[in-house]
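Undergrad: sequence unavailable; structure follows:
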Ligand code: GCO
């Protein structure tokens with residue numbers, strides 16, 4: 001079985017030598033071999049790189065474009081033991097010695113649970129039109145099942161009311177990795193039953209907040225749970241079990257479909273999945289690299305896209321896993337019909353391309369950020385958005401995450417100069433604009449992230465926010481990028 005990589009490239013792969021060895025774009029021969037019909041992206045097709053690299057202004061987005069920012073519950077809320085919240089797998093994982101950088105946990109995080117009103121005012125001051133946040137499952141169902149915790153629901157009610165008061169559209173993710181520990185103890189995502197528990201939880205939340213939340217996202221980045229949580233063990237629950245990993249993938253997809261069904265039954269709002277998609281390019285011109293990139297794309301993208309939007313898992317991935325795999329044996333009649341229940345939109349999260357070598361490994365071509373799994377390649381945004389529209393039809397798209405960590409410091413004059421974030425966002429927004437011009441129905445864009453926050457295994461070292469958080473005081477400071485983004489929003493473009 002070939003094992004894909006996501007944010008797992010070793011630091012050694014970062015070396016300048018490695019980058020130099022693989023510099024330059026794949027040639028036309030590679031493009032012909034890889035094609036686009038087989039699902040691998042073709043960077044050589046993209047002839048308009050200059051527009052993306054140096055937008056000269058004048059890029060107006062469609063009227064009513066949803067300028068936004070994103071966060072997730074465990075990364076910002078803190079208040080880990082308050083108001084009846086139960087434990088999640090991330091509490092367990094982060095409190096286990098050696099699992100996170102500096103032993104950091106989300107116990108306090110950006111203290112958003114207590115400071116949400118101040119954070120809502122910041123969002124208003126930026127002019128945000130959309131705010132993507134997640135609901136903490138263990139705040140709603142501390143033991144994973146049973147009666148909901150009203151104080152948990154009340155917090156999100158206050159939050160969505162506060163958004164409406166400020167003219168900001170709420171976009172709520174149901175699951176951003178904080179599985180109740182009680183459900184992990186009952187087997188976690190390896191257990192099919194957990195998918196049904198997710199649907200129960202979703203229904204509770206839809207009934208409580210459905211009148212106030214127009215857009216729902218089901219599972220955030222199932223692939224990251226599969227890869228980081230179960231293949232490599234860098235994330236909760238910290239397993240390294242390839243056979244379990246893809247059974248987990250199926251159950252996450254099933255959970256998504258069951259939640260879509262629950263929303264239809266309660267009749268409120270729009271719903272879709274939130275997928276991190278990585279364009280997979282062959283690293284050289286060989287037929288082997290083209291073949292390897294195609295399979296890599298299956299594991300990275302088509303496993304999740306095809307099951308939701310075509311009602312089938314990609315045959316090449318199923319064949320690679322094998323008929324005896326736990327995943328294939330775990331697929332029951334009717335599951336794919338459930339998983340492919342029609343969705344209203346698709347949320348795309350784009351951070352990095354992947355270059356696949358002939359032996360199925362990966363290599364680098366572009367500069368990285370402080371996150372060593374990231375390569376900065378704005379054209380990948382264009383490629384992935386246009387590819388989704390080309391291969392899956394004109395389903396409405398939202399970008400729900402895009403960003404990078406920068407080495408931000410609070411200067412003595414109270415400013416935070418993150419010019420690297422401005423150029424990153426400007427180039428990626430220009431690429432998104434180019435996709436819109438090419439006919440992609442993109443309706444909104446959310447920067448990851450609104451605030452500096454708990455970056456999972458990286459703890460608080462990486463700062464991804466538009467807003468700087470001074471953790472000792474919890475003071476918020478708008479970075480230079482936040483001021484820039486406010487202007488972008490006001491101008492509806494770049
Ligand atoms: C993800 C998550 C976010 C991360 C962000 C930066 O994509 O991993 O949705 O929670 O913090 O992507 O890594």
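TA: Right, received. Where do you want to start? Given the structure is predicted, the values throughout are model-derived calculations rather than measurements.

Undergrad: contacting residues for residue 448?
TA: When contacts are counted by CB atoms under 8 Å, 6 or more residues apart in numbering, residue 448 is found next to 69-70, 349, 401-403, 464. Placement of C-beta: from N, CA and C, glycine included.

Undergrad: residue 108 versus that one, what's the distance?
TA: The spacing between residue 448 and residue 108, counted by CB to CB, to the nearest Å, is 21 Å.

Undergrad: the stretch 351-494 of the chain: helices as residue ranges?
TA: According to DSSP state H, counting those that start in this stretch, the stretch 351-494 of the chain carries its helices in the segments 379-392, 419-437, 480-491.

Undergrad: which positions within the shortest one qualify as buried?
TA: The reference is to helix 480-491. Within helix 480-491, the residues that count as buried by 16 or more other CB atoms under 10 Å are 480-482, 484-486, 488-489.

Undergrad: with the first one instead?
TA: Across helix 379-392, burial judged by 16+ other CB under 10 Å covers 379-389, 391.

Undergrad: do the same with the longest one
TA: Taking 16+ other CB under 10 Å as the basis for neighbour counts, the residues of helix 419-437 that come out buried are 420-436.

Undergrad: for the helix or strand in which residue 159 is found, what is the average pLDDT?
TA: Taking DSSP states H and E as the criterion, residue 159 maps to helix 150-165. Mean per-residue pLDDT for helix 150-165: 98.

Undergrad: tell me which other helices or strands that helix touches.
TA: Helix 150-165 is packed against helix 112-126, helix 137-140, strand 169-175, helix 192-209, with contacts defined by 3 or more CB pairs under 8 Å, 6 or more residues apart in numbering; DSSP states H and E.

Undergrad: what lies in contact with that helix?
TA: With contact meaning CB under 8 Å, 6+ apart, helix 150-165 is reached by 83-85, 113, 116-117, 120, 123, 131, 133, 135-136, 139-140, 142, 169-170, 172, 204-205, 208-209, 212-213.

Undergrad: over to stretch 303-317?
TA: Where contact means CB under 8 Å, 6+ apart, the residues beyond stretch 303-317 that reach it are 222-223, 249, 253, 256-257, 273, 275, 277, 294-295, 298-299, 302, 331, 336-337, 339-340, 343, 346, 388, 391-393, 395.

Undergrad: going through those residues, which ones are buried?
TA: When burial is judged by neighbour count using 16+ other CB under 10 Å, the buried members of these are 222-223, 249, 253, 256-257, 273, 275, 277, 294-295, 298-299, 302, 331, 336, 339-340, 343, 346, 388, 391, 395.

Undergrad: and the spatially closest residue to residue 280 that is not a sequence neighbour, what element?
TA: Spatially, and ignoring its direct neighbours in sequence, residue 280 is nearest to residue 297 (4.1 Å; CB to CB, 6 or more residues apart in numbering). Here residue 297 is covered by helix 287-297, with elements defined by DSSP H and E.

Undergrad: who does that helix touch, helix- and strand-wise?
TA: Judged by 3+ CB pairs under 8 Å, 6+ apart, the packing partners of helix 287-297 are helix 28-34, strand 280-282, helix 315-321, strand 354-356.

Undergrad: and the second one, how far out from the chain middle?
TA: Okay, so that is strand 280-282. The gap between where strand 280-282 is centred and where its chain is centred comes out at 20 Å by CA atoms, centre = their mean, to the nearest Å.

Undergrad: parallel or antiparallel, list what pairs with it.
TA: strand 354-356 (parallel) (DSSP bridges).

Undergrad: show residues contacting the strand it pairs with.
TA: Residues beyond strand 354-356 that count as contacts (CB under 8 Å, 6+ apart) turn out to be 5, 22, 278-283, 289, 292-293, 296, 300, 362-365.

Undergrad: what mean pLDDT does it get?
TA: Model confidence over strand 354-356 averages 98 on the pLDDT scale.

Undergrad: check whether whichever helix or strand residue 303 is part of contacts the ligand.
TA: Under DSSP H and E, the secondary-structure element containing residue 303 is helix 303-309. No. No part of helix 303-309 sits close enough to the ligand to count as contact by CB under 6 Å from any ligand atom; the gap is at least 13.4 Å.

Undergrad: kindly report the residues of the stretch 151-300 of the chain close to the ligand.
TA: Among all residues of the stretch 151-300 of the chain, those adjacent to the ligand (criterion: CB under 6 Å from any ligand atom) are 220-221, 224, 276.

Undergrad: looking at it, residue 274 is touching residue 446, isn't it?
TA: No. Residue 274 sits out of contact with residue 446 when judged by CB atoms under 8 Å, with a separation of 10.1 Å.

Undergrad: list the residues that contact both of the two?
TA: What both residue 274 and residue 446 touch, as defined by CB under 8 Å, 6+ apart, is the set 400-401.

Undergrad: buried residues in stretch 313-324?
TA: Neighbour-count burial for stretch 313-324, with 16+ other CB under 10 Å as criterion, is recorded at 313-314, 316-318, 321.

Undergrad: an error on my part: the question was meant for stretch 106-118.
TA: Using 16+ other CB under 10 Å as the burial criterion, the residues of stretch 106-118 that qualify are 106, 108-113, 115-116.

Undergrad: residues making contact with stretch 105-112?
TA: Contacting residues not belonging to stretch 105-112 are listed as 71, 74-81, 90-91, 94-95, 119, 451-454, 469, 471, 474 [CB under 8 Å, 6+ apart].

Undergrad: show me which of these are buried.
TA: Buried residues within the contacts of stretch 105-112, defined by neighbour count using 16+ other CB under 10 Å: 71, 74-80, 90-91, 94, 119, 451-454, 469, 474.

Undergrad: so which of these sit within strands?
TA: When DSSP state E is applied, the buried ones among the contacts of stretch 105-112 are split such that residue 469 fall in strands.

Undergrad: phi, psi for residue 220 please.
TA: Dihedral angles of residue 220 (phi, psi; degrees, to the nearest 10) stand at phi -80, psi 120.

Undergrad: what does the model give the closest residue to it other than its chain neighbours for pLDDT?
TA: Ranked by CB to CB, 6+ apart and with sequence neighbours excluded, the top spatial neighbour of residue 220 is residue 176, at 4.3 Å. Predicted confidence (pLDDT) at residue 176: the value is 99.
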